[in-house]
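Asker: coords please:
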Amino acid sequence: MDYAIRLFRSIEQYSFDSVKNGYCEALTRDWHEISDMRLSDKDENERKTMNTHLHILEPYTNLYRVWKDDGLEKQLRNLILLFTDRILNQQTGHLELFFDDDWVSKYHIVSYGHDIEASWLIHEAALVLGDKTLLEKVEPLVEYIAAAADEGLTSEGSMIYETFPDKGITDRDCHWWVQAENVVGHINLYQHFDDEVALQKAFRCWEYIKKHLIDYQNGEWYWSVRADGTVNTADDKAGFWKCPYHNGRMCMEMLERFS
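Answerer: Purely as a prediction, here's the structure:
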């Protein structure tokens, strides 16, 4: 707990932009500016990203469960509003991915897995804060974002990876983490909005996972199923970008929500 609080304070001291809001994507080991802020070659070299804000939202939510600090509450509330007012594209229901310092995004990329993941993590954060007014703002957007994510659903119940609308390019591979978030996001809709259709979507994706992604012989999940239906065994079972995070969390979320 002490370590978590120290880490929260370090993030706030060094990464939070108190002038233009939000959190810096990357800094040097000793918290100085760095020219290349990309976490991978797939990323754009921008100062603020949806993904990093999503992965600050989640731990801040969980820290607040056990540490009701006023400063943490303020920043958690701020993160939720950054998603609803800055990161969410109000016209499409999708989340924008990369922003400059002034929250301008010049990229048009739809990441279906991040959309469905954000829908339940934003909702969870608002529920933990317990602010009725905030929930009234957030909950319609939770359903809106999840509905936009459903554009990536396949006839088998899985969810494809991403699309580039301006380029007419779509990556139809079904990645392990996207399927895990697909299950949790739709279960969240069933649990809190009595959405029976969402429950069936979650069940169909779970059947897809059991059929195509779980390695019953050697354990863990495969990286993805390619668009042609073949299982991707070339990429890591566990590595720099893959570990039992999304899928492990999915299992724990299901156990907790249905207990």
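Asker: going forward, measure contacts between C-alpha atoms and count neighbours the same way
Answerer: Will do.
Asker: can you show me the helices along the protein?
Answerer: Counting by DSSP state H, the chain has helices at residues 2-14, 50-66, 70-82, 112-129, 132-149, 176-193, 196-208, 246-257.
Asker: any chance of those in CSV, plus mean pLDDT and mean neighbour count?
Answerer: Supplementary listing: those in CSV, determined by pLDDT from 0 to 100; neighbours: other C-alpha atoms under 10 Å:
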stretch, mean pLDDT, mean neighbour count
helix 2-14, 98, 13
helix 50-66, 97, 17
helix 70-82, 98, 17
helix 112-129, 98, 23
helix 132-149, 98, 18
helix 176-193, 98, 24
helix 196-208, 98, 18
helix 246-257, 97, 14
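Asker: distance to Asp100 added to the ones you listed, as a markdown table?
Answerer: Shown next, in a markdown table, are these (distance: least, C-alpha to C-alpha, whole Å):
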| stretch | distance to Asp100 |
| --- | --- |
| helix 2-14 | 18 |
| helix 50-66 | 11 |
| helix 70-82 | 14 |
| helix 112-129 | 19 |
| helix 132-149 | 23 |
| helix 176-193 | 26 |
| helix 196-208 | 35 |
| helix 246-257 | 28 |
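Asker: ok, which of the ones you listed comes nearest Ala26?
Answerer: Evaluated over the helices of the chain, closeness to Ala26 peaks at helix 50-66, with 9.3 Å, by C-alpha to C-alpha.
Asker: other residues contacting that closest one?
Answerer: Under the contact criterion C-alpha atoms under 8 Å, 6 or more residues apart in numbering, helix 50-66 has outside partners 4, 8, 22-23, 25, 72-73, 76, 79-80, 87, 95-98, 114, 118, 121-122, 124-125, 128.
Asker: so for Asp36, which of the helices of the chain sits nearest?
Answerer: Between Asp36 and the helices of the chain, the shortest gap by C-alpha to C-alpha is with helix 50-66, which sits at 15.3 Å.
Asker: can you count the residues close to Ala234?
Answerer: For Ala234, the count of nearby residues is 9 (other C-alpha atoms under 10 Å).
Asker: swap that for Ile109, please
Answerer: When counting by other C-alpha under 10 Å, one arrives at 19 neighbours for Ile109.
Asker: tell me the contacts of it?
Answerer: The contact partners of Ile109, by C-alpha under 8 Å, 6+ apart, come to Glu96, Leu97, Glu162, Thr163, Phe164, Pro165.
Asker: quick check: it vs Arg249, distance?
Answerer: When C-alpha to C-alpha, to the nearest Å is applied, the distance between Ile109 and Arg249 equals 26 Å.
Asker: dump the C-alpha coordinates for stretch 86-97 into PDB.
Answerer: Once side chains and other backbone atoms are set aside, the C-alpha atoms of stretch 86-97 remain, and they are given as PDB (Å, rounded to 0.1, in the frame of the first residue of the first chain):
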ATOM      1  CA  ARG A  86     -11.600  14.300 -24.700                       C
ATOM      2  CA  ILE A  87     -10.800  10.800 -25.800                       C
ATOM      3  CA  LEU A  88     -14.200   9.600 -26.800                       C
ATOM      4  CA  ASN A  89     -15.200  10.600 -30.400                       C
ATOM      5  CA  GLN A  90     -18.800  11.800 -29.700                       C
ATOM      6  CA  GLN A  91     -19.800  11.200 -33.400                       C
ATOM      7  CA  THR A  92     -18.700   7.600 -33.700                       C
ATOM      8  CA  GLY A  93     -18.600   6.200 -30.200                       C
ATOM      9  CA  HIS A  94     -15.000   5.000 -30.700                       C
ATOM     10  CA  LEU A  95     -12.000   6.200 -28.700                       C
ATOM     11  CA  GLU A  96      -9.300   8.200 -30.400                       C
ATOM     12  CA  LEU A  97      -5.900   6.700 -29.800                       C
END
